[in-house]
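K.L.:
Here is the input, now give the coordinates:
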Amino acid sequence: MPPPDGAVVFDSLTALLVLSAIAASTSLVRLGLRRAQPSPSSLQRVPPPTAAELARLPRCATRRGVTDAERAEMLHILRDRGVAHGLALHDGLLALGTVREVLLKPTAVERTRLLRKFARMLAWRERSGADSALSDGLPTALLAAGGQSESWEYGRTTGGLPVFIDQAFTWRDAIAACRKHGVPPSEYGKARIYWHERCLQRARECHAEGSSATGQFVHIIDMGGLDVTWAELKAGWPFVMEAGSAVALHYGGCCARICVARAPALFWVGWRVMQPFLVESTRAKVNVVSPRGRIPSHADYGDEPLTAMPPDSLPVALGGTLTAPLGPMHYCPPPLRSQDSAGRPEHSFERIARDRAEEPLAPMVRPNRLTGVDGCSRSVGASGYSSPSPPVP
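P.N.:
Okay, here's the model as predicted:
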């Protein structure tokens, strides 16, 4: 018999929240590490691009890790006037993700279906404002409520893919803050749009500089310290679905692997139940690397050349050697100026530094508070996480 709402801390939302996000974000993805090769008959229908056609393809098409088959498939997008403008997005990485999905099932029917989905994705971007998300930032009401979770960039995989790590307990805190301040799920979804756009921006930059093999990224979800109640499960579900279904489904093929670290027991049960209903590429894409209460080793992340994790790609809390992240993946407003008690101009990060000196045991500053020149400098503990580090039950 289930416990009454709010009576017992339970791991259900832990499992459901992450499983839903994984299911949504992997249902349209293309694995970079287990590439399905197109059949010879498919390649005959798609001739290699000429030099003139290559010149019209997006910049990502000529970079490292993009195959001739992928370039040839991109010509179908180029030749379709209704969606050709979508090739420019993120140097073509969104289109490349669609192409990689096509090559999982290289048939004319699948190609047509995914091109239609690509067209719907472009229409969604226009409606949602995704194209300008990086320049627009996040709504003031969302930031004021503290309705944004934390995500950080760490190192690189052996294949050069950037590694982005979310602390899942900050998802719970962000959803709770949105509910408390009356921020609707649609506004919360804008924070996830920003996160996806930021991930694509960094993946594009790594691909352009030649350090990334495919223009994709790796997403690690650290579930250490995440516990919720039945009441939170029910109240937070619309926010989970907004992030998982309404947003993540429009970024297919961009993430090479999702790793779940320090997962509770019920997550493992839910994952085993869910696996038979997933396609092989999705099952292979998700890696549950360690149970709750055990810090993973870098070997737990696998040895695939593209997505294997060297120690210098992970924080200490997740089996690596890094004691600080490279930078934030969540939105950080530019610094503002205020006045101190004497009426002198004062940068917001100076004010926060003063407040923290006066209150050294205060909780971690929320993401929407401005704490540095870029709005995001933090005190970082030995675990590699912003202080205080998430607990390990």
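
K.L.:
use CA for all of it now, contacts and neighbours both
P.N.:
OK.

K.L.:
Touching, residue 254 and residue 92? I think so.
P.N.:
No. Residue 254 lies out of contact with residue 92 (CA atoms under 8 Å); the separation is 10.9 Å.

K.L.:
higher neighbour count, the two?
P.N.:
Taking other CA atoms under 10 Å, residue 254 and residue 92 do not tie; residue 254 has more neighbours (30 against 20).

K.L.:
What separation do you get for the more buried one and residue 296?
P.N.:
25 Å (CA to CA, to the nearest Å).

K.L.:
Residue 141 now?
P.N.:
For residue 141, the distance to residue 296 - CA to CA - is 37 Å.

K.L.:
more neighbours, these two?
P.N.:
When residue 141 and residue 296 are compared for neighbours, residue 296 comes out ahead with 19 against 14, by other CA under 10 Å.

K.L.:
Can you give me every residue that contacts that one?
P.N.:
With contacts defined as CA atoms under 8 Å, 6 or more residues apart in numbering, the neighbours of residue 296 are 261, 262, 289, 290, 318, 319.

K.L.:
My reading is that it lies in a helix. Confirm?
P.N.:
No. Per DSSP: H, G, I helix; E, B strand; the rest coil, residue 296 lies outside any helix segment and is coil.

K.L.:
Make residue 1 into 12 and carry on from there
P.N.:
Taking 12 as the first residue, the last one we looked at is residue 307.

K.L.:
Report the separation between it and residue 322.
P.N.:
Using CA to CA, which is the criterion applied here, residue 307 is 11 Å from residue 322.

K.L.:
try residue 149
P.N.:
Using CA to CA, we find residue 149 at a distance of 34 Å from residue 322.

K.L.:
swap in residue 145?
P.N.:
Distance from residue 145 to residue 322, by CA to CA: 31 Å.

K.L.:
cool, residue 269 as well?
P.N.:
18 Å.

K.L.:
Neighbour count for the two, which is higher?
P.N.:
residue 269 (24 against 19).

K.L.:
Quick one: classify the more buried one as helix, strand or coil.
P.N.:
With three-state DSSP as the criterion, residue 269 reads strand.

K.L.:
So it is in contact with residue 300, correct?
P.N.:
No. With contacts counted by CA under 8 Å, residue 269 stays clear of residue 300, the gap being 10.1 Å.

K.L.:
Show me the strands in this structure, by range?
P.N.:
Counting by DSSP state E, one finds strands in the chain at the ranges 162-167, 173-178, 228-233, 266-272, 297-299, 338-339, 348-350, 356-358.

K.L.:
which residues touch the closest residue to residue 196 other than its chain neighbours?
P.N.:
Once flanking residues are discounted, residue 196 sits nearest to residue 250: 4.8 Å by CA to CA, 6 or more residues apart in numbering. By CA under 8 Å, 6+ apart, the residues touching residue 250 are 186, 196, 197, 199, 200.

K.L.:
Turn these into TSV, columns for pLDDT, distance to residue 179 and neighbour count.
P.N.:
What follows is the contacts of residue 250, written out as TSV (pLDDT from 0 to 100; distance: CA to CA, whole Å; neighbours: other CA atoms under 10 Å):
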residue	pLDDT	distance to residue 179	neighbour count
186	93	11	26
196	93	17	19
197	91	20	15
199	93	15	25
200	93	16	23
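
K.L.:
which of the residues you listed sit farthest apart?
P.N.:
186 and 197 (11.8 Å; CA to CA).

K.L.:
So which bits of stretch 329-349 are buried?
P.N.:
When burial is assessed from 16 or more other CA atoms under 10 Å, stretch 329-349 yields the following buried residues: 329-336, 339-344, 346.

K.L.:
mind checking how far it is from the chain centre?
P.N.:
Averaging C-alpha positions (CA atoms, centre = their mean, to the nearest Å) puts stretch 329-349 15 Å from its chain's average.

K.L.:
go on, stretch 326-333?
P.N.:
19 Å.

K.L.:
thought residue 161 was touching residue 178?
P.N.:
Yes. Counting by CA under 8 Å, residue 161 touches residue 178, with 6.5 Å between them.

K.L.:
Other residues contacting stretch 186-197?
P.N.:
Residues from elsewhere that reach stretch 186-197 (CA under 8 Å, 6+ apart): 152, 153, 156, 157, 158, 199, 243, 247, 249, 250, 253.

K.L.:
mind running it again at 10 Å?
P.N.:
Identification of contacts with stretch 186-197 by CA atoms under 10 Å, 6 or more residues apart in numbering yields 139, 152-160, 181-182, 184-185, 198-199, 243, 246-254, 257-258.

K.L.:
low-scoring stretches of the stretch 12-161 of the chain, by residue?
P.N.:
12-60, 117 (pLDDT under 70).

K.L.:
Need the strands of the chain in a markdown table (columns: mean pLDDT).
P.N.:
Below are these laid out as a markdown table (pLDDT from 0 to 100):
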| stretch | mean pLDDT |
| --- | --- |
| strand 162-167 | 93 |
| strand 173-178 | 93 |
| strand 228-233 | 93 |
| strand 266-272 | 90 |
| strand 297-299 | 85 |
| strand 338-339 | 90 |
| strand 348-350 | 46 |
| strand 356-358 | 43 |
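
K.L.:
Redo those as CSV? Include distance to residue 215.
P.N.:
Below are these laid out as CSV (distance: least, CA to CA, whole Å):
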stretch, distance to residue 215
strand 162-167, 14
strand 173-178, 10
strand 228-233, 10
strand 266-272, 12
strand 297-299, 22
strand 338-339, 16
strand 348-350, 33
strand 356-358, 32
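
K.L.:
Looking at those strands, which is nearest to residue 84?
P.N.:
Closest to residue 84 of those is strand 266-272 (CA to CA; 19.4 Å).

K.L.:
Partner strands of the closest one and their direction?
P.N.:
strand 228-233 (parallel), strand 297-299 (parallel) (DSSP bridges).

K.L.:
chain center to that strand: distance?
P.N.:
From the chain centre to the centre of strand 266-272 is a distance of 9 Å (CA atoms, centre = their mean).

K.L.:
Out of the contacts of residue 250, flag the one nearest to residue 67.
P.N.:
residue 200 (33.8 Å).

K.L.:
How much space separates the closest one from residue 298?
P.N.:
Separation of residue 200 from residue 298 (CA to CA): 25 Å.
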